[in-house]
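>>> build me a model:
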Amino acid sequence: MTGTAPLPLSAQPPISTAAAASTSINGTRLIKKLGVETLGGRFRADRTIGSSFGGATFSGTDTETGHQVFMKYLICPRGEGERAKFMTERDALENITECSLDDVAPKVLHFEEFDDIQTIALVTEWIDGELLSTWLERAHELTLLERLSVFHRVAHAMSTATRNYQHRDFHPGNIMLLPENLVNMGPHVSEINVKAGVKVLDWGEALPIISGSYDDEPDHNFVMLAYAPRMIGGALTSLPPEVLRPWQRSVHFGGIYESWGLGLLLYRVLMLQPLEGFASIGEYASEVHNGGLHTLVNRRVAELAAMDLPGGLILSRLFEWTMKEAPQDRADMSDIGRVMWDLRYEELNITDHRELSRYFENPREYVPIGGWRFSTCADLD
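You can find the predicted model right below:
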């Protein structure tokens with residue numbers, strides 16, 4: 001990161017994970033020189049956060065309200081791909097905040113294009129909270145049930161956020177946990193009042209789930225669709241294996257792309273350590289294609305199944321389901337949320353393998369002996 005006196009990590013909206021800056025900005029000097037340090041007559045850039053392919057980011061102030069804001073600029077993009085990513089991030093944030101009952105992404109406050117200086121600017125609300133990456137550093141201080149509660153919150157937020165857009169860069173540095181007093185989940189909470197207390201940040205790698213199908217779509221949708229099969233975006237730590245196989249269009253409905261990352265997070269929440277570290281894309285690709293990744297996942301599933309975990313064998317099977325290499329066989333986000341609902345609120349416990357298979361054939365249709373405690377609410381998760 002660049003700039004002086006960086007903000008505390010827990011307050012910093014993460015920056016795109018791409019490798020280098022599209023333009024070098026020394027503090028606010030360049031945007032002042034370009035005359036765009038204040039946007040919409042009210043949003044003033046104050047302090048540099050950082051820069052990347054996705055743009056340069058600043059902490060700013062809404063001079064009308066005095067509130068802190070997050071500001072992002074793309075100056076002289078190096079190609080139509082960079083511009084399309086920036087535009088798609090704006091679209092994704094607007095779609096999520098317009099269509100979601102739960103506030104799971106930052107709200108767009110202002111967007112402006114300056115064609116004469118080849119600059120685009122985006123202003124969103126500032127998010128205060130604790131990054132999931134920071135939370136994981138202290139997760140060993142919490143009970144397993146407390147950790148599973150946070151995992152459930154993240155799964156719910158991701159399911160809500162990815163209904164129309166793949167995030168494609170899910171990792172702990174892009175998830176902000178809000179204070180627990182803002183969380184409102186459970187069997188006695190109506191669907192319209194559910195609040196996971198989670199914000200999904202940095203949509204710079206996002207891709208519309210349905211794109212390139214209609215003539216009236218914005219041009220950047222078609223650009224993203226053309227670029228996506230030829231580029232690897234997002235963090236190596238959460239790339240699903242299909243990224244390294246022949247491209248298949250429209251196979252990621254229901255957050256299938258991101259549920260792989262949720263599986264990795266579940267393992268870390270349970271074991272307090274990552275599943276595995278790969279030194280490079282090449283090493284990861286090799287493990288995908290030679291069967292090493294499949295063997296690793298099976299070994300970890302067996303380890304979890306041998307542990308005394310809440311719900312008996314449910315969590316080990318859920319982990320296995322999220323880590324299916326074929327996306328069509330993988331749990332989607334709502335599946336993960338439903339299983340966590342049954343485990344946490346219904347206190348479902350299954351140790352019989354036959355019963356376990358019956359449950360995971362379709363958790364939404366399964367009914368345990370004696371029925372559900374909250375049957376009228378269970379599908380709302």
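
>>> near residue 327, how many other residues are there?
20 (other CB atoms under 10 Å). Quick note: C-beta positions are derived from backbone N, CA and C, even for glycine.

>>> quick check, it in contact with residue 242.
Yes: between residue 327 and residue 242 there is a contact under CB atoms under 8 Å: 5.2 Å.

>>> now residue 166. Its backbone dihedrals?
When read as degrees, to the nearest 10, the backbone of residue 166 gives phi -70, psi 140.

>>> tell me what whichever helix in the chain runs longest is packed against?
In the chain, assigned by DSSP state H, the helix with the most residues is helix 80-99. Contacts defined by 3 or more CB pairs under 8 Å, 6 or more residues apart in numbering; DSSP states H and E place helix 80-99 against strand 68-75, strand 108-114, strand 119-125, strand 165-166, strand 207-208, helix 219-227.

>>> in its sheet, what does the fourth one sit against?
Looking at strand 165-166 with DSSP bridges, its partner strands are strand 207-208 (antiparallel).

>>> and the second one, by the same measure?
Each strand pairing with strand 108-114, determined using DSSP bridges, is listed with its direction: strand 119-125 (antiparallel).

>>> can you list the buried residues in the strand it pairs with?
119, 120, 121, 122, 123, 124, 125 (16 or more other CB atoms under 10 Å).

>>> now, which of the residues you listed sits nearest residue 369?
residue 125 (47.4 Å; CB to CB).

>>> can I take it that residue 51 is in a strand?
Yes: assessed by DSSP: H, G, I helix; E, B strand; the rest coil, residue 51 belongs to a strand.

>>> so how many other residues sit close to it?
Residue 51: 24 surrounding residues under other CB under 10 Å.

>>> tell me the spacing between it and residue 39.
Per CB to CB, to the nearest Å, residue 51 is found 17 Å from residue 39.

>>> so what does the one helix or strand residue 354 maps to touch, helix or strand wise?
Per DSSP states H and E, residue 354 falls inside helix 353-361. Contact partners of helix 353-361 among helices and strands, from 3+ CB pairs under 8 Å, 6+ apart: helix 314-322.

>>> measure how the helix it packs on sits relative to helix 353-361, angle-wise.
Using axes from the mean of the first three to the mean of the last three CA atoms, to 10 degrees, the direction of helix 314-322 lies 50 degrees away from that of helix 353-361.

>>> from residue 315, how far out is residue 297?
Distance of residue 297 to residue 315, computed by CB to CB: 14 Å.

>>> neighbour count: those two, which is higher?
Neighbours were counted for residue 297 and for residue 315 using other CB under 10 Å; residue 315 has more, 24 against 20.

>>> ends of stretch 120-136, what's the gap?
Counting by CA to CA, to the nearest Å, you get 35 Å between the two ends of stretch 120-136.

>>> just the mean pLDDT for that stretch, thanks.
For stretch 120-136, the mean per-residue pLDDT is 97.

>>> how far is that stretch from where the chain is centred?
Relative to its parent chain, stretch 120-136 has a centroid offset of 12 Å by CA atoms, centre = their mean, to the nearest Å.

>>> can you check stretch 151-165 too?
That offset, for stretch 151-165, works out to 7 Å (CA atoms, centre = their mean).

>>> dump the residue contacts of residue 144.
270, 309, 310 (CB atoms under 8 Å, 6 or more residues apart in numbering).

>>> count of residues packed around residue 116?
Applying other CB under 10 Å, I find that residue 116 has 7 neighbouring residues.

>>> low-scoring stretches of the stretch 151-300 of the chain, by residue?
211-215, 249-254 (pLDDT under 70).

>>> spatially central residue in this protein, please.
When CA atoms, centre = their mean is applied to the chain, the residue found nearest the centroid is residue 170 (3.8 Å).

>>> and residue 118, how far from residue 44?
On the measure of CB to CB, residue 118 and residue 44 end up 22 Å apart.

>>> more neighbours, the two?
Comparing residue 118 with residue 44 by other CB under 10 Å, the one with more neighbours is residue 44, at 16 against 13.

>>> wait, is that one part of a strand?
Yes: with three-state DSSP as the criterion, residue 44 is located in a strand.

>>> wait, isn't it in contact with residue 60?
Yes: using CB under 8 Å, residue 44 makes contact with residue 60 at a distance of 5.6 Å.

>>> can you give me the helices in the protein?
Under the criterion DSSP H, the chain contains helices at 29-34, 80-99, 132-137, 144-161, 219-227, 256-271, 281-289, 292-305, 314-322, 333-344, 353-361.

>>> and the ones you listed as a markdown table, adding distance to residue 177?
As requested, these are exported to a markdown table (distance: least, CB to CB, whole Å):
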| stretch | distance to residue 177 |
| --- | --- |
| helix 29-34 | 31 |
| helix 80-99 | 18 |
| helix 132-137 | 6 |
| helix 144-161 | 7 |
| helix 219-227 | 29 |
| helix 256-271 | 12 |
| helix 281-289 | 28 |
| helix 292-305 | 24 |
| helix 314-322 | 20 |
| helix 333-344 | 16 |
| helix 353-361 | 28 |
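
>>> those helices: which one's closest to residue 374?
Closest among the helices of the chain, using CB to CB: helix 333-344, at 8.5 Å.
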